[in-house]
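Colleague: Generate coordinates for the sequence data below:
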Amino acid sequence: PTNMARAPETLRLDGDLQKLYELIWKRTIASQMESARLDRTTVEIEEPSGQTALRATGQVVAFDGFMAVYEEGRDDKPKSGEDDDDDTTRLPTLKEGSVAKVDAIRTDQHFTEPPPRYSEATLVKKLEELGIGRPSTYASILTTLRDREYVRTDKNRFYPEDKGRLVTAFLEQFFGKWVEYDFTAALETRLDEVSAGDLNWKVLLRDFWTDFHLATSAAGELRTTAILDALNESLGPHIFPQKEDGSDPRECPLCHQGQLSLKTSRFGAFVGCSRYPDCKYTRPVASPDASEGGADGGDRELGVDPVTGQPVSLKIGRFGPYVETTPPGEEKPKRSSLPKGWSPASLQLEQALRLLALPREVGVHPEDGKMITAGLGRYGPFVLHA
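Modeller: Numbering: from 1, shown residues only. As a prediction, this is how the structure comes out:
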């Protein structure tokens, strides 16, 4: 505001303009006021017989400070499923020994649930609590997680990808010291000291590099099999979850003789059978839809192509689910990967036949008479005019 004396209630503005001016005015005034003081409080209420006890944890305002004028989120009610920490719940001012009036009694059934997935806001909040990163680096941290495909985002929540799990397991196994929260927070503090001129940057770099260089040299001399063994043990519960019938989760579902384990190729990590090349069973590191698509590995027969009479199958490979059939007179089968968003569990024969019919001719271009074809590539559907 150009004049602090021009309070919002003294002006006559239209709807949104009034709200915008009020927001700007209140935040400007609040920025010049004292900080608020909140006491974290636990309230315990017992009924006279002592058989029932209730507890509430929250905050009580000890001094309003700037909150007397403006409070972030005061008008925003938490939506269902969003982060609503009991520790930040505002409690009324109470005195020890006060008598609480029973307004109503309502019974609710609650089940223990895992903590919600991190959103951008809750992840940044956690980084702040751990002392990792700075406001200027939070955006780049989130961008890096996405760009390197360590995580995917669904409904504004982060979900770890296989690549992210593998990298995390590798770092924890062979570079545990450097990925600990305390180490990262301490390094951030020392970097602040360098920025303030209180610490020589060469001293910081020497202290960091001496041990780190030894660790990288030792890791570089490890055999691939040793690394895979360590990752197999670390990621075992994720890659090979226990089965309801109690059978061995590592037993190969194709040959029933070999053991499944983590393997690598030039295309990345995958799960394969120990009897390779006699058994060529493979699947992705994590296949959420595999158990839905069919027995064990997700392979199942969808039906018979009415034109060729050949069977059409759904299979789970190292790069994901795909459909397959062998045309008459040909040795090699024809395959087509399932597009992103397609579920192997609900895939039907008609859908598989449409995929296997690609690429197909759409028609002739009216200007040059050349054929136009439609197909499905690694980046999705496309139309080609040669």
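
Colleague: Who are the packing partners of whatever helix or strand residue 302 lives in?
Modeller: Using DSSP states H and E, the element containing residue 302 is strand 300-304. Where contact means 3 or more CB pairs under 8 Å, 6 or more residues apart in numbering; DSSP states H and E, strand 300-304 is packed against strand 311-317, helix 349-356. From N, CA and C alone the C-beta is placed, and that goes for glycine too.

Colleague: rerun that using 10 Å as the cut-off
Modeller: Contact here means 3 or more CB pairs under 10 Å, 6 or more residues apart in numbering; DSSP states H and E; on that basis strand 300-304 packs against strand 311-317, strand 320-325, helix 349-356.

Colleague: For these, which has the smallest mean pLDDT value?
Modeller: Mean pLDDT is lowest for strand 311-317 out of those, coming in at a mean of 84.

Colleague: Which neighbouring elements make contact with it?
Modeller: Under the contact criterion of 3+ CB pairs under 10 Å, 6+ apart, the helices and strands touching strand 311-317 comprise strand 282-283, helix 290-293, strand 300-304, strand 320-325, strand 334-337, helix 349-356.

Colleague: same question for the second one, mean pLDDT?
Modeller: Taken as a whole, helix 290-293 carries a mean pLDDT of 39.

Colleague: By mean pLDDT, point me to the weakest helix or strand of this protein.
Modeller: Between all helices and strands in the chain, the lowest mean by mean pLDDT, DSSP states H and E belongs to helix 290-293, at a mean of 39.

Colleague: Tell me the strands beside the strand holding residue 302, with direction?
Modeller: Strand 300-304 has the following strand partners under DSSP bridges: strand 311-317 (antiparallel).

Colleague: Give me the domain ranges for the chain.
Modeller: 8-88, 120-226, 241-356 (automatic domain parsing).

Colleague: Single out the most deeply packed of the ones you listed.
Modeller: Among the domains of the chain, domain 241-356 has the highest mean neighbour count (mean count of other CB atoms under 10 Å), at a mean of 15.

Colleague: Run the chain-centre distance for the one helix or strand residue 41 maps to.
Modeller: Element membership of residue 41, judged by DSSP H and E, is strand 37-46. Put simply, strand 37-46 sits 34 Å off its chain's centre (CA atoms, centre = their mean, to the nearest Å).

Colleague: Partner strands of it, with direction?
Modeller: Strands that pair with strand 37-46, judged by DSSP bridges, come out as strand 53-63 (antiparallel).

Colleague: Grab the nearest non-local neighbour of residue 132.
Modeller: Distances taken as CB to CB, 6 or more residues apart in numbering put residue 184 closest to residue 132, at 5.0 Å, once the chain neighbours are dropped.

Colleague: For my notes, confirm the one you found occurs in a helix.
Modeller: Yes. According to DSSP: H, G, I helix; E, B strand; the rest coil, residue 184 belongs to a helix.

Colleague: I'd guessed it sits against residue 133; true?
Modeller: Yes. Assessed by CB atoms under 10 Å, residue 184 is found in contact with residue 133 at 8.4 Å.

Colleague: joint contacts of the two?
Modeller: Residues touching both residue 184 and residue 133 by CB atoms under 10 Å, 6 or more residues apart in numbering: residue 127.

Colleague: Other residues contacting the strand holding residue 41?
Modeller: Residues from elsewhere that reach strand 37-46 (CB under 10 Å, 6+ apart): 52-65, 67, 87-88, 90-94, 96, 98-100, 102.

Colleague: May I have the beta-bridge partners of residue 382?
Modeller: Counting by DSSP bridges, residue 382 forms beta bridges with residue 375.

Colleague: just checking, it touches residue 339?
Modeller: No. Residue 382 lies out of contact with residue 339 (CB under 10 Å); the separation is 11.8 Å.

Colleague: intersection of neighbour lists for those two?
Modeller: residue 376.

Colleague: Can you tell me which residue sits nearest the middle of this structure?
Modeller: With distances taken as CA atoms, centre = their mean, residue 159 lies nearest the centre of the chain, 1.8 Å away.
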